[in-house]
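**Q** here are the coordinates; sequence isn't available:
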């Protein structure tokens with residue numbers, strides 16, 4: 001695995017196994033860093049890549065995600081003590097979305113379990129969580145598994161053309177295993193775009209073979225790579241949370257309660273109070289009984305000016321501040337001005353106004369825009385849950 005020097009950060013960044021193919025396609029040479037890896041912010045133009053996700057199919061390199069194998073007789077008990085969801089119900093070849101908290105109920109991170117995957121390094125917390133369990137082994141697979149997120153309405157058709165037998169029978173949050181070039185390819189029907197999509201997991205030695213096979217099969221289906229900016233646009237339309245936008249990881253914050261709880265993030269469905277004790281249970285139970293002060297809320301906002309970093313008020317005169325926007329955009333597919341926002345719970349049933357600051361022809365301008373609370377994701381096509389998803 002080669003490394004290059006980032007001239008801005010002054011650190012040595014690793015290249016993912018897919019980098020030789022990605023670098024040839026990155027016309028803007030627009031790179032960022034994630035967990036010590038070089039990865040693309042965009043390849044050509046973020047909105048173009050976004051439309052590839054929504055109308056065709058695209059690949060996003062998720063190799064930098066942290067991946068852990070937790071094994072042993074006490075592995076399930078240890079994880080059930082750590083995460084808020086009851087994973088004893090997790091069946092073989094299935095994936096489940098989870099989060100884990102401090103004893104104060106503040107969210108450390110979220111991720112998925114089949115192996116444990118998450119956005120930030122969690123080895124130290126996993127080792128701490130395993131203390132007292134006799135038979136638990138934690139193996140860091142972060143650098144030994146290459147992974148591509150493959151998303152979009154034509155993604156299933158491409159995988160079928162690539163020869164993945166009965167891939168159209170794979171249900172959401174399901175896993176299938178395939179033989180590939182003398183090795184193994186694991187496919188999960190998961191993703192971060194709210195649309196039909198899959199994630200492909202493979203030995204790094206076979207990463208380029210996988211890329212070439214996927215792009216050969218996808219040539220007639222509009223396959224393109226996409227970067228972090230397009231990913232952020234798609235996940236906002238799906239109503240998914242992003243670290244450092246909707247929540248701060250509790251182990252990284254300095255100020256008291258500048259992090260969030262799962263209940264504040266509208267993830268109460270991930271918290272199972274019926275199972276035995278888990279980290280943060282008592283604090284979260286008290287919060288549930290008392291009610292949350294803030295709630296992450298989806299908003300449809302008047303006009304077409306994105307309400308980025310806007311304050312929210314209970315009236316147009318801005319006399320009472322009731323919250324703030326965490327993520328915002330004009331959605332090309334939904335044709336709406338959308339946002340996620342933290343709003344004081346007691347004001348959710350009243351009027352909500354956003355103070356939007358923007359620039360027009362070098363002039364700093366401001367406007368007030370009425371907001372409407374939305375209950376469902378902004379983008380949730382039927383094919384995302386359908387099995388088989390059907391041709392597009």
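**A** Cool, got the structure. This structure is a prediction, so every number in the text was calculated from the model and none was measured. Numbers count the residues shown, from 1 in each chain.

**Q** list the contacts for the residue lying farthest from the centre of the chain?
**A** Note on the chain: the largest C-alpha distance from the chain mean falls to residue 317, namely 36.1 Å (Cα atoms, centre = their mean). Going by Cβ atoms under 8 Å, 6 or more residues apart in numbering, residue 317 touches no other residue. For glycine as for every other residue, the C-beta is placed from the backbone atoms N, C-alpha and C.

**Q** was I right to think residue 136 contacts residue 72?
**A** Yes: if you go by Cβ atoms under 8 Å, residue 136 and residue 72 touch, sitting 4.6 Å apart.

**Q** what about these two, which has more around it?
**A** The neighbour comparison of residue 136 against residue 72 (other Cβ atoms under 10 Å) goes to residue 136, with 21 against 15.

**Q** so how far is residue 373 from the residue farthest from the centre of the chain?
**A** 20 Å (Cβ to Cβ, to the nearest Å).

**Q** can you map out the helices along the stretch 101-250 of the chain?
**A** Along the stretch 101-250 of the chain, counting by DSSP state H, counting those that start in this stretch, helices occupy 123-129, 155-161, 207-217, 228-238.

**Q** and the pLDDT for the nearest residue to residue 180 once chain neighbours are set aside?
**A** What sits nearest to residue 180 in space, not counting adjacent residues and going by Cβ to Cβ, 6 or more residues apart in numbering, is residue 206, at 6.4 Å. Predicted confidence (pLDDT) for residue 206: 98.

**Q** ditto for the one 5 residues further on
**A** The predicted local distance difference test score for residue 211 is 98.

**Q** contacting residues for it?
**A** So residue 211 contacts 18, 21, 59, 148 (Cβ under 8 Å, 6+ apart).

**Q** distance of it relative to residue 247?
**A** The value you get for residue 211 to residue 247, if Cβ to Cβ is used, is 33 Å.

**Q** how about residue 254?
**A** In this view, residue 254 and residue 247 are 15 Å apart by Cβ to Cβ.

**Q** ditto for residue 256
**A** Residue 256 sits at a distance of 15 Å from residue 247 (criterion: Cβ to Cβ).

**Q** what about these two, which has more around it?
**A** A direct count of neighbours by other Cβ under 10 Å for residue 256 and residue 247 places residue 247 higher, at 26 against 8.

**Q** and the more buried one, what are its bridge partners?
**A** residue 243 (DSSP bridges).

**Q** ok, it touching residue 267?
**A** No: counting by Cβ under 8 Å, residue 247 stays clear of residue 267, with 9.6 Å between them.

**Q** overlap in contacts, the two.
**A** Taking Cβ under 8 Å, 6+ apart as the contact rule, residue 247 and residue 267 both touch residue 241.

**Q** in this protein, what spans have low per-residue confidence?
**A** 1-11 (pLDDT under 70).

**Q** how does it divide into domains?
**A** 3-63+145-238, 294-373 (automatic domain parsing).

**Q** which of those domains sits most buried?
**A** Highest mean neighbour count of the domains of the chain: domain 3-63+145-238, a mean of 19 (counted as mean count of other Cβ atoms under 10 Å).

**Q** does the closest residue to residue 168 other than its chain neighbours count as helix, strand or coil?
**A** Leaving aside its chain neighbours, residue 168 sits nearest to residue 388 (3.7 Å; criterion: Cβ to Cβ, 6+ apart). Look at residue 388: counting by DSSP: H, G, I helix; E, B strand; the rest coil, its state is coil.

**Q** cool, and residue 39?
**A** What three-state DSSP gives for residue 39 is strand.

**Q** residue 274 now?
**A** Classification of residue 274 using three-state DSSP returns coil.

**Q** show me what contacts it?
**A** With contacts taken as Cβ under 8 Å, 6+ apart, residue 274 has the following neighbours: residue 86.

**Q** and the gap between it and residue 210?
**A** For residue 274 relative to residue 210 (Cβ to Cβ), the value is 41 Å.

**Q** what's the answer for residue 145, then?
**A** Applying Cβ to Cβ to residue 145 and residue 210 gives a distance of 12 Å.

**Q** same question for residue 221.
**A** Distance, residue 221 to residue 210, by Cβ to Cβ: 16 Å.

**Q** how about residue 302?
**A** Look at residue 302 and residue 210: by Cβ to Cβ, they are 45 Å apart.

**Q** cool, and residue 387?
**A** Separation of residue 387 from residue 210 (Cβ to Cβ): 24 Å.

**Q** and the closest residue in space to residue 266 that isn't next to it in sequence, what helix or strand is that in?
**A** Distances taken as Cβ to Cβ, 6+ apart place residue 296 nearest to residue 266, at 4.7 Å, with adjacent residues excluded. Using DSSP states H and E, residue 296 sits within strand 294-301.

**Q** parallel or antiparallel, list what pairs with that strand.
**A** Neighbouring strands of strand 294-301 in its sheet, by DSSP bridges, are strand 336-344 (antiparallel), strand 363-374 (antiparallel).
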